[in-house]
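1. Show me the folded form of this:
(one chain, ligands or ions: 2)
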Amino acid sequence: MAEYDLVVRGGLVATGFGTTRCDIGIKAGRIAALAERITDAESVLDAGGLLVLPGGVDTHCHIEEPARGGYTSAQEGAAPPEVTVQEESFVSASTSAFAGGTTSVVCFVPQWKGEGILPRLADYEQRAARGMLDYSFHQIIADPFPGVLEEEVPQIVAKGIRSLKVFLTYEPLHLTDEQYLRVLVTARRHGCLVTVHCENYAAINWRTEALLKAGLTAPKYHAWSRPPVVEREATHRAIALAELVDQPIQVFHVSCAEAAEEIARAQYRGVKVWGETCPQYLALTAADMDRPGFAGAAFMCSPSPRSREEQAQIWEMIRRGTLDVVSSDHCGFSMNRPGAGKQASGHGASFRDIPNGIPGLAARLPILFSEGVSKGRIGLDEFVRLTASNPARLMGLPGKGVIAVGADADLALWDPAKKMVLTNALMQHAIDYTPYEGLEVTGWPVATLRRGEVVMRDGVVQAKPGTGRFLPRVPYAYIQPRGVVADGFDAAPPL
Ligand code: URP
Ligand code: ZN
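-> Numbering: from 1, shown residues only. Ligands and ions are numbered 1, 2, ... in the order given. Below you'll find the model as predicted:
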């Protein structure tokens, strides 16, 4: 019997801290050896002329997420609509992810106001188990009543869920400052990270009302309803309250320099705050929403895509390390499925009623590689860290996002010179469009391995549904509070 199940031969292996030309020996789904030449293997995968990258780790993905209301700026107190489930299933999302070189995701268990989290978790566990991706969960906290924070959170932590997601906007989801503080305290007591959507709810509502009153209802006014100051204010507040509690947070989908500067300032003070951005803030602009009729809805996400100048600033904040994770925020709604997706509230709907979110699971790595590495904005090491190692480290996923002996053999074999024009078919997702249609990229995944199994080769995905694994997360030092509290008085001591 051969020593290794598979050897990946002769690629340029990118570790995030330099490259080395070597073979990778894989045994029982793990990397068992890195050596100049490995011969004793059952089979060989030739990586000559290719880069070998860690499989992408996408820690912000909305997949098959049941929603009641959800990602719109719907009116306060509006009756929650029927329960809908996003079109992207765990099977289609896995196919799309593998097509784009991503092998692990962290996605979102919903909570609906007035209800506990455990029933939703039980349902979501079953959905996720049908896919092929390895996965973990963020738990959305939309209604932090005592039963949730005191009784249910400890139970989900025991199951290995160690991030609580909060929204500071969206009608059925947003938290008040007081509620947010309670979530921070709970996270601190149970060793969780808090991830935050930072936009000011009241400010968006106020501007939205004024825009609609003025008859400005088209998709492009989505951007006008939430200018950078709205994001900057909420980012500042989210960080300030987290600093007060001494609870580490990650600010999700940073779209503009003003918000990134808030993060940079806090990091300089030593506060444990991390910033994530997404390809949409590097490859789309607000002008994309200014297309005839309903077409601009295809680019509507929150925060809104900004200007070319903001894009340049976001690249700068990536280079400085202020923003250290690039996720997709994959949240797909089809454009042309009557009664569903972006059109769910009727074709002539105002921007307020159109669901926010765009698909991006498969496009994430090619766009960041092409716009970043191929165009010389970032190096290959940074690319690996932004898309795989940093998200895995921040979420407490050891064995993911790295190429090292003992790690899971999750790999993307990457042709750095291959030119492709992005089309919806290439995305292999369940959504009927990609916002990146027609974008030319240089650099493309030609094979994806998940735990040593070749799950994509030359664009053909072959993986058995139900083979994805849940990734339980244990306590990890990276997100430990600093022990720095105002006046030396800890208002949230361990229980
Ligand atoms: O527009 C967005 N980003 N939709 C997904 C939900 C969220 O805000 O993360
Ligand atoms: Zn968000």
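2. what about the helices in the stretch 1-150 of the chain?
-> Assigned by DSSP state H, counting those that start in this stretch, the helices in the stretch 1-150 of the chain fall at 90-99, 118-128, 146.
3. Now do the second one against helix 90-99, angle only.
-> In terms of direction (axes from the mean of the first three to the mean of the last three CA atoms, to 10 degrees), helix 118-128 departs from helix 90-99 by 60 degrees.
4. what about stretch 486-495, start to end distance?
-> Distance across stretch 486-495, first residue to last, is 19 Å (CA to CA, to the nearest Å).
5. buried stuff in that stretch?
-> Buried residues in stretch 486-495, defined by neighbour count with 16 or more other CB atoms under 10 Å: Ala492. (C-beta placed from N, C-alpha, C; glycine too.)
6. On the strand side of things, show who Thr448 bridges to.
-> Beta-bridge partners recorded for Thr448 (DSSP bridges): Ala412, Met456.
7. what does the stretch 151-300 of the chain have sitting close to ligand 1?
-> The stretch 151-300 of the chain comes close to ligand 1 at residues His197, His253, as judged by CB under 6 Å from any ligand atom.
8. all strands in the stretch 151-300 of the chain, in order from the N-terminus.
-> Assigned by DSSP state E, counting those that start in this stretch, the strands in the stretch 151-300 of the chain fall at 163-167, 193-197, 249-251, 273-277.
9. Among these, which comes closest to Val106?
-> Closest to Val106 of these, according to CB to CB: strand 163-167, at 7.2 Å.
10. and the closest one, how far from the chain's centre?
-> 13 Å (CA atoms, centre = their mean, to the nearest Å).
11. swap in stretch 280-292?
-> 19 Å.
12. follow-up on the earlier one: out of the helices of the stretch 1-150 of the chain, which is closest to ligand 1?
-> helix 90-99 (14.1 Å; CB to the nearest ligand atom).
13. Give me the helices and strands touching that closest one, please.
-> If you count contacts as 3 or more CB pairs under 8 Å, 6 or more residues apart in numbering; DSSP states H and E, helix 90-99 packs onto strand 56-61, strand 102-109, helix 424-427, strand 440-450, strand 453-457, strand 460-461.
14. Could I have the CA atoms of that helix written out in CSV?
-> Provided in CSV are the C-alpha atoms of helix 90-99 (Å, rounded to 0.1, in the frame of the first residue of the first chain):
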residue,chain,number,x,y,z
PHE,A,90,-26.2,24.3,0.2
VAL,A,91,-25.8,22.0,-2.8
SER,A,92,-25.8,24.8,-5.4
ALA,A,93,-23.7,27.0,-3.1
SER,A,94,-21.1,24.2,-2.7
THR,A,95,-21.0,23.7,-6.5
SER,A,96,-20.4,27.4,-7.0
ALA,A,97,-17.8,27.6,-4.2
PHE,A,98,-15.8,24.7,-5.6
ALA,A,99,-16.0,26.2,-9.1
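15. Can you check what angle separates it from strand 440-450?
-> Compare the direction of helix 90-99 with that of strand 440-450 by the same axes, to 10 degrees and you get 120 degrees.
16. Could you pull up phi and psi at Glu3?
-> Backbone torsions for Glu3, taken as degrees, to the nearest 10, come to phi -70, psi -30.
17. Now for the nearest residue to it once chain neighbours are set aside, how many residues are close by?
-> What sits nearest to Glu3 in space, not counting adjacent residues and going by CB to CB, 6 or more residues apart in numbering, is Asp40, at 4.2 Å. Asp40: 11 surrounding residues under other CB atoms under 10 Å.
18. Pretty sure Asp40 sits against Tyr4.
-> Yes. Here Asp40 reaches Tyr4: they are 6.3 Å apart, a contact under CB atoms under 8 Å.
19. Would you mind finding the most buried of the helices and strands packed on helix 90-99?
-> Of the helices and strands packed on helix 90-99, the one with the most neighbours on average (mean count of other CB atoms under 10 Å) is strand 56-61, at a mean of 29.
20. Check whether that one comes into contact with ligand 1.
-> No. Shown here: strand 56-61 not in contact with ligand 1 (CB under 6 Å from any ligand atom), separated by at least 6.9 Å.
21. Run through the bridge partners of Val57.
-> Under the criterion used (DSSP bridges), Val57 bridges to Ser104.
22. what's it in contact with, if anything?
-> Contacts for Val57 (CB atoms under 8 Å, 6 or more residues apart in numbering) come out as 102-105, 387-389, 391-392, 395, 397, 400-401.
23. Closest to ligand 1 out of these?
-> Nearest to ligand 1 among the contacts of Val57, with distances taken as CB to the nearest ligand atom, is Val105, at 13.8 Å.
24. Spit out the contact partners of that closest one.
-> Contact analysis of Val105 by CB under 8 Å, 6+ apart lists Val57, Asp58, Thr59, Cys61, Ile63, Ala93, Ala97, Leu133, Asp134, Tyr135, Ser136, Leu361.
25. what's the closest of the residues you listed to ligand 1?
-> The shortest gap between ligand 1 and any of the contacts of Val105 belongs to Cys61, at 9.7 Å (CB to the nearest ligand atom).
26. what's the spacing between that closest one and His330?
-> Look at Cys61 and His330: by CB to CB, to the nearest Å, they are 5 Å apart.
27. got it, and Asp288?
-> From Asp288 to His330 the distance is 18 Å (CB to CB).
28. Between those two, which is the more surrounded one?
-> Taking neighbours as other CB under 10 Å, Asp288 and His330 compare with His330 leading, 29 against 20.
29. I figured Cys278 hits His253, correct?
-> Yes. Between Cys278 and His253 there is a contact under CB under 8 Å: 5.2 Å.
30. Need the residues touching each of these two.
-> His60, Ser327, Asp329.
31. With respect to ligand 1, which of these is nearest?
-> Asp329 (4.8 Å).
32. quick one: low-confidence parts of the stretch 251-400 of the chain?
-> Within the stretch 251-400 of the chain, the ranges that satisfy pLDDT under 70 run 345-348.
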